[in-house]
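Asks: just coords:
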């Protein structure tokens, strides 16, 4: 393990990533168009299952899993590309919870029992830490002390959530079957949460990029006072600032993914930076999209609300920006004031 | 010529002019004449027509041999802005006259572009030059001129035809700063010191043979100079915790009694913003190296200006009572800015200029919105009207 700096890794997409991104986008365009996403909020989910089937066909659930266990043996950089596209589409999918977080825990623990089913996409899993998202799942990974248990047969009661593209559920473990995965899982769980937070930043970049591009497109079309609205300096300046934010978020997320891909010693710092930064940029971009679309931004039929809900939910998932800044403070020796000072 | 041959040439220079026994200026002359000043310049003009990337071979070898350098900080404007412009637009005679003393540091250059009435709207400048026989007579005032008080020559842009629209009536000259019509006065700033000067031109005389480019094409020549300025600002790789955040972080670590939750939040945000800007700058360099044009340059300047201002303000706040101390209000005329050798108050005040110098943040936001994002351009009323008819 070496201490990398941004100059030592590529922050530009290669051909593999570009091809992967194009395939994922094509599937999302087909299976997760925004008019259908709205239906999720009215209780008629016809999106998640067909979309997951399409992901399975592409082999995405096993992207991070070695070929020996039925996966593709790809790295965090490719997973980040998938997540960026999921954010751009605000698409519902257990990809982050099952194929990234739960998969990383099991990989770190050397599991060979559960992983093949996750890699093939036949089953999904969720790590029960913090807000229980990605539910229902076939396998729940439940930490207790230093140990980690696999739980099957739990009862799920769906919860109406702020972001219905990230379903929530209350979980009842009564009567569920539990088996020990590892008696010493703390490091594996930390690693999975680090990976999850780092790659969630890529999803947040996708949300932000969608918001920026859609808003620019709208402001080039919309006319008021006899002019194209995008020519008003008050709006141009806001978009220029937002562009700078999104470009920087993109660079930060790429660096985080690159350090995760190489298991670099700099990953904890890179992830804390990307997670804190990208989470605020995504929310800001989605909020700007609502405001700059005017009344249209407040309507149900315009997809801006889907992205705002996703950005806000993402900002609370796997650690708030404030929590990531606090983690960074420890990592780079900028300690918080001692209480009582 | 390959690297080995280039090294051989450097060796030959050192052999014929041993640094320890050769006069500094004699050595620099010999280095220039050997084509080792800037290897990407043409032969006979201090170069060998080699790729720019081979220059470090020369620099390393000469540094190791203890050879004198040409004090590049002191002559930065000449090297970075005047020289490439002269190379692109100068006559053969001009190149031969100007480049050698410029590179050797015998003649310091400054740049006379900005005016009190023409800052962001540079093409709106009103200094005038009128042709009298084969000599131009120049009148007007320039401002924000670094090094004018030590300069021997200036690159100058002035209006030569007020009947043309503003961009079309400009011409570009080389001015002798020792001309009796040139008066340089220090321009004292918010910090108390005078990094820059005002330059008053009263019947200053320039022979027509000192014009760069055609009459009326000064805007084109000036743009070449300004694009060289932007390349020069591009710079190298930054270490983690560089610039303003370095000072604040050091104080934070050394003086725990100053810490508050509010300043902690501001420090961490500033640290993250700085780190993200560093990663973005790295990606921009990778894009340029890969031949992908990166449009982030203007956006980067916006970010750095904001970060510097926020962190320099934090530094003063963090220091509390100590933040009220100030080094000295004595007017000095530095040839380069020393940010980090001074009190926090100096950095706070000087950083206010970061969102103004080299393009205000407001103008840069327009540039980003129009050139990068493709939004409609500002309505321009002055583009096709003769300059003399513009309301002022």
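Replies: That came through fine. These numbers were taken from a predicted model, which means no experiment stands behind them.

Asks: Flag every residue of the stretch 201-350 of chain B that's near chain A.
Replies: Selection of the stretch 201-350 of chain B residues close to chain A by C-beta under 8 Å from any C-beta of the partner chain yields B:237, B:239-241, B:249, B:252-253, B:256-257, B:259-261, B:264-265, B:267-269, B:271-273, B:275-280, B:282-283, B:285-287, B:290, B:292, B:296, B:299-300, B:302-303. Any C-beta I mention is one placed from the backbone N, CA and C, and that applies to glycine too.

Asks: Got a PyMOL select line for the buried ones in those residues?
Replies: Typed into PyMOL, the line below selects the buried ones among these, using 16 or more other C-beta atoms under 10 Å in any protein chain shown:
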select buried, chain B and resi 240+241+249+252+259+264+267+268+269+271+272+273+275+276+277+278+279+280+282+283+285+286+287+296+299+300+302+303
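
Asks: Any idea how many residues pack against the nearest residue to residue A:134 once chain neighbours are set aside?
Replies: Of all residues not flanking residue A:134 in the chain, residue A:97 sits nearest, at 2.7 Å (C-beta to C-beta, 6 or more residues apart in numbering or on different chains). Residues lying near residue A:97 (other C-beta atoms under 10 Å in any protein chain shown) number 23.

Asks: which residues in the stretch 1-150 of chain B form strands?
Replies: Secondary structure of the stretch 1-150 of chain B (DSSP state E, counting those that start in this stretch): strands located at B:109-112, B:128-132, B:135-146.

Asks: just to revisit the earlier point, just the residues of the stretch 201-350 of chain B next to chain A: which are in helices?
Replies: The members of those that map onto helices under DSSP state H are B:249, B:252-253, B:261, B:264-265, B:267-269, B:271-273, B:275-280, B:282-283, B:285-287, B:299-300, B:302-303.

Asks: I'd like to know which of the strands of the stretch 1-150 of chain B lies nearest to residue A:337.
Replies: With C-beta to C-beta as the measure, strand B:135-146 is the member of those nearest residue A:337 (41.8 Å).

Asks: Run through the neighbouring helices and strands of the helix or strand just after the closest one.
Replies: Per DSSP states H and E, strand B:135-146 leads on to strand B:153-159 as the next helix or strand towards the C-terminus. On a contact count with 3 or more C-beta pairs under 8 Å, 6 or more residues apart in numbering or on different chains; DSSP states H and E, strand B:153-159 meets strand B:109-112, strand B:128-132, strand B:135-146, strand B:170-176, helix B:218-234.

Asks: Tell me which of the ones you listed is the most buried.
Replies: Highest mean neighbour count among the helices and strands packed on strand B:153-159 (mean count of other C-beta atoms under 10 Å in any protein chain shown): strand B:109-112, with a mean of 27.

Asks: Please name the strands paired to that one in the sheet, noting orientation.
Replies: Each strand paired with strand B:109-112, and its direction, by DSSP bridges: strand B:153-159 (parallel).

Asks: just the strands in the stretch 51-200 of chain A please.
Replies: A:125-127, A:139-144, A:147-152, A:155-159, A:168-172, A:177-182.

Asks: ok, residue B:80 - how many residues close by?
Replies: Residue B:80 has 19 neighbouring residues, counting by other C-beta under 10 Å.

Asks: Let me see the ranges of the strands in the stretch 201-341 of chain A.
Replies: If DSSP E, counting those that start in this stretch is used as the criterion, the strands of the stretch 201-341 of chain A fall at A:223-224, A:227-228.

Asks: Any idea which residue of the stretch 51-200 of chain B lies closest to chain A?
Replies: At 13.4 Å from chain A, residue B:120 is the closest residue in the stretch 51-200 of chain B, using C-beta to the nearest C-beta.

Asks: didn't that residue look like it was pressed against residue B:361?
Replies: No: contact status for residue B:120 versus residue B:361: not in contact, 10.6 Å apart, counting by C-beta atoms under 8 Å.

Asks: any chance of the strands of the stretch 1-150 of chain B in TSV, with distance to residue B:309 too?
Replies: Shown next, in TSV, are the strands of the stretch 1-150 of chain B (distance: least, C-beta to C-beta, whole Å):
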stretch	distance to residue B:309
strand B:109-112	25
strand B:128-132	37
strand B:135-146	19
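
Asks: Compile these into JSON lines and extend it with columns for mean pLDDT.
Replies: JSON lines is the format used below for those (pLDDT from 0 to 100):
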{"stretch": "strand B:109-112", "mean pLDDT": "96"}
{"stretch": "strand B:128-132", "mean pLDDT": "96"}
{"stretch": "strand B:135-146", "mean pLDDT": "96"}
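
Asks: Quick one, which of those gets closest to residue A:213.
Replies: Of all the strands of the stretch 1-150 of chain B, it is strand B:135-146 that lies closest to residue A:213, at 38.0 Å by C-beta to C-beta.

Asks: measure the nearest residue to residue B:94 once chain neighbours are set aside to residue A:72 for me?
Replies: The spatially closest residue to residue B:94, leaving aside those adjacent along the chain, is residue B:86, at 6.2 Å (C-beta to C-beta, 6+ apart). Noted for residue B:86: a distance of 57 Å to residue A:72, by C-beta to C-beta, to the nearest Å.

Asks: One more: residue B:93?
Replies: With distances taken as C-beta to C-beta, residue B:93 is found 66 Å from residue A:72.

Asks: Okay, buried residues for the single longest helix found in chain A please.
Replies: Counting residues, the longest helix found in chain A (DSSP H) is helix A:186-221. The neighbour-count check on helix A:186-221 (16+ other C-beta under 10 Å) flags A:188-189, A:191-216, A:218-219 as buried.

Asks: same thing with stretch A:279-299?
Replies: Buried residues in stretch A:279-299, counted by 16+ other C-beta under 10 Å: A:279-290, A:292-293, A:297.

Asks: So is that stretch next to chain B?
Replies: No: Stretch A:279-299 lies out of reach of chain B by C-beta under 8 Å from any C-beta, never closer than 9.3 Å.

Asks: Residue 311: how many residues sit nearby?
Replies: I went with chain A, as the question did not name one. Residues near residue A:311, counting by other C-beta under 10 Å: 29.

Asks: hm, I was asking about chain B
Replies: Residues near residue B:311, counting by other C-beta under 10 Å, number 27.

Asks: Look up how far residue A:171 lies from residue B:176.
Replies: Counting by C-beta to C-beta - residue B:176 and residue A:171 are separated by 83 Å.

Asks: Which residues of the stretch 1-150 of chain A lie near chain B?
Replies: By the rule C-beta under 8 Å from any C-beta, the part of the stretch 1-150 of chain A lying against chain B is A:5, A:6, A:7, A:10, A:11, A:12.

Asks: Quick one: residues contacting the fifth one.
Replies: It stands for residue A:11. Applying C-beta atoms under 8 Å, 6 or more residues apart in numbering or on different chains, we find residue A:11 in contact with A:251, A:254, A:255, A:258, B:279, B:282, B:283, B:286.

Asks: try residue B:364
Replies: Shown in contact with residue B:364 (C-beta under 8 Å, 6+ apart): A:240, B:298, B:299, B:301, B:302.

Asks: So the nearest residue to residue B:244 once chain neighbours are set aside, which state does it fall into?
Replies: Closest residue to residue B:244 apart from its sequence neighbours, by C-beta to C-beta, 6+ apart: residue B:311 at 3.9 Å. Put simply, residue B:311 is helix when judged by DSSP: H, G, I helix; E, B strand; the rest coil.
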